[in-house]
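Novice: the following block contains a protein sequence and its predicted model.
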Amino acid sequence: MTGGTDNLVTLPPESGEAMHRFIAKLFPLCRSITGNGVRATLQAIAQRIPLTLHEVPSGTPVLDWTVPQEWHIRDAFIKNARGERLVDFRQSNLHVVNYSVPVHATMTLSELRPHLFSLPDYPDWIPYRTSYYTPAWGFCLRHTQLAALREDEVYEVCIDASLEDGALTYGDCYLPGIIEDEVLLSCHVCHPSLANDNLSGIAVMTFLAQYLQHCPQRYSYRLLFIPGTIGSITWLARNEAHVEKIKHGLVLTCVGDAGPFTYKRSRRGHAVIDRTVPYVLRQAGLAHEVIDFFPYGYDERQYCSPGFNLPVGCLMRARHGQFPEYHTSADNLQFVQPVALETSLAVCATLLATLDGNARYRNLLPKGEPQLGKRGLYRAIGGQQHARTREMAMLWVLNYADGEHTLLDIAERADLPFQHLRQAADALLEQGLLADCGEESAGALYSSLSPRILEQSPSPSHSLRVRGDKVI
Ligand code: ZN
């Protein structure tokens, strides 16, 4: 097999469209770090996957932080003297600085101006602003709206919101595998009507959990749907004793746009996940960039804080903060595309299958090459079309199965699709030519799973769509 997106797992048909519909359903909700927008989002996710909702009371100390109050918003507007709503929360929840304290006052434009935010370079877009940890209020508006406000007018300003003791809500989907070692996946659920930043990660992770539910797994999987920063800090504070189970992890964000992929390495830099993601993208022939860890961004900065230093990277398409639509009303339902979501989901499913199937073996006949023909191994491992690649995969596995190299090591070195090495190892195991080295070993277990996980024949419609998304 040559490169290309054939090396990604097959998804159910129309997965991209289904994810886009899910995003459209969640889009109107006014999420924040706390409150009913997050709850409603988690409840919608819970209709699709087994999700445990956790409520952590306001005021609870979590690491160096404290769980904040709950924010609820009912309405907000700026009205002119004739009572016309010039800025209206009902039109877009981005119009209010998220987590604003309540206000109801009349004021002149000069009094109001310090509370107004617009984007002069993109005069038709509404910016997204927050003020979580400093009590403040404000409005975000199109620059064209701001330009139309008059110095000689008095405005009625109202943010009908409340901040009160309640809870921080997060969702935890745990899918037990054969072993207790875990793969952690995490996305933030705290942004209001923004599609790529926030909802694309939510959709891909939800559908990934659905997918994993239908494939038996070796690892256990933990998928966290959490408010950014305070959510991961809260989860880490409550699960400090648990984190040693996490062997690989990934934060998902901005995975619905049409741009090339970006993988941000974990702080460790050379963790297995840091090699697996670039390897999968390379084998799929998808344009991508790999960047080193830096201590800002999304929740990877908490998982990778030095006291935890977990092997958690971050997968994105457009890099957060680096595309013009980021944190604006232009990050909308048109900005995320079904085909891009589908490729992102396929990449995630493939890299989890790779992690799950990675193993370390020892060749039991290491002196000279074992004679494969007399064991029927050529015939056992596939038809004519890929026979040569599969034969090569067996030779690679036999040579490097020395108890030191994992299948991923060999796959990288051989520049072959992982599933070929996995299938070669399965065939060699069956013939008693390999011994399982225990640690990190998927062994015979994986061989019973691989036909389902790594199906090789995508339906024509699916493979066409995926190819269409290939970024040059
Ligand atoms: Zn964001």
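Specialist: Sure thing, it's come through.

Novice: show me where the stretch 151-300 of the chain has its strands.
Specialist: In chain order, the stretch 151-300 of the chain shows strands spanning 154-164, 167-175, 182-188, 220-226, 246-252, 261-264, 288-291, with DSSP state E, counting those that start in this stretch as the criterion.

Novice: of all the ones you listed, which lies closest to residue 367?
Specialist: strand 246-252 (34.1 Å; CB to CB). For every residue, glycine as well, the C-beta is placed using N, CA and C.

Novice: centre of the chain to the closest one, how far?
Specialist: Here the centre of mass of C-alpha atoms in strand 246-252, compared against the chain's by CA atoms, centre = their mean, to the nearest Å, lies 10 Å away.

Novice: so which elements touch it?
Specialist: strand 182-188, helix 201-213, helix 272-283, helix 300-303, strand 312-316, helix 338-357 (3 or more CB pairs under 8 Å, 6 or more residues apart in numbering; DSSP states H and E).

Novice: using JSON lines, lay out these together with mean neighbour count, mean pLDDT and distance to residue 22.
Specialist: Formatted as JSON lines, the entries for the helices and strands packed on strand 246-252 read as follows, by neighbours: other CB atoms under 10 Å; pLDDT from 0 to 100; distance: least, CB to CB, whole Å:
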{"stretch": "strand 182-188", "mean neighbour count": "25", "mean pLDDT": "98", "distance to residue 22": "13"}
{"stretch": "helix 201-213", "mean neighbour count": "24", "mean pLDDT": "96", "distance to residue 22": "5"}
{"stretch": "helix 272-283", "mean neighbour count": "22", "mean pLDDT": "97", "distance to residue 22": "24"}
{"stretch": "helix 300-303", "mean neighbour count": "24", "mean pLDDT": "98", "distance to residue 22": "24"}
{"stretch": "strand 312-316", "mean neighbour count": "28", "mean pLDDT": "98", "distance to residue 22": "19"}
{"stretch": "helix 338-357", "mean neighbour count": "26", "mean pLDDT": "97", "distance to residue 22": "9"}
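
Novice: looking at these, spot the one closest to residue 10.
Specialist: Shortest separation from residue 10 across the helices and strands packed on strand 246-252 is recorded for helix 338-357, at 8.0 Å, computed as CB to CB.

Novice: just after that closest one, pick out the following helix or strand.
Specialist: Downstream of helix 338-357, the first helix or strand assigned by DSSP states H and E is strand 360-363.

Novice: pull the CA atoms of that next one into CSV?
Specialist: Taking C-alpha atoms only, strand 360-363 is exported to CSV below (Å, rounded to 0.1, in the frame of the first residue of the first chain):
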residue,chain,number,x,y,z
ARG,A,360,7.0,-5.2,21.8
TYR,A,361,8.0,-8.7,20.7
ARG,A,362,11.0,-11.0,20.5
ASN,A,363,11.9,-13.1,17.4
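
Novice: burial of the residue nearest to residue 410 when sequence neighbours are not counted, as a residue count?
Specialist: Nearest-residue entry for residue 410: residue 400, 4.6 Å, with adjacent residues in sequence omitted and distances by CB to CB, 6 or more residues apart in numbering. Neighbours of residue 400 under the rule other CB atoms under 10 Å: 20.

Novice: and residue 400, what does it touch?
Specialist: 409, 410, 413 (CB atoms under 8 Å, 6 or more residues apart in numbering).

Novice: residue 425 versus that one, what's the distance?
Specialist: From residue 400 across to residue 425, the span is 11 Å (CB to CB, to the nearest Å).

Novice: gap between the two ends of stretch 290-303?
Specialist: Chord length of stretch 290-303, first to last residue, is 19 Å (CA to CA, to the nearest Å).

Novice: mind listing residues that contact that stretch?
Specialist: Taking contacts as CB under 8 Å, 6+ apart, the residues outside stretch 290-303 that touch it are 184, 186, 188, 226, 228-229, 231-233, 236, 249, 251, 253, 262-267, 269, 277-278, 304, 308, 310, 312-314, 319-321.

Novice: okay, the contacts of residue 400 in CSV with neighbour count next?
Specialist: Converted to CSV, these look like this (neighbours: other CB atoms under 10 Å):
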residue, neighbour count
409, 16
410, 23
413, 12
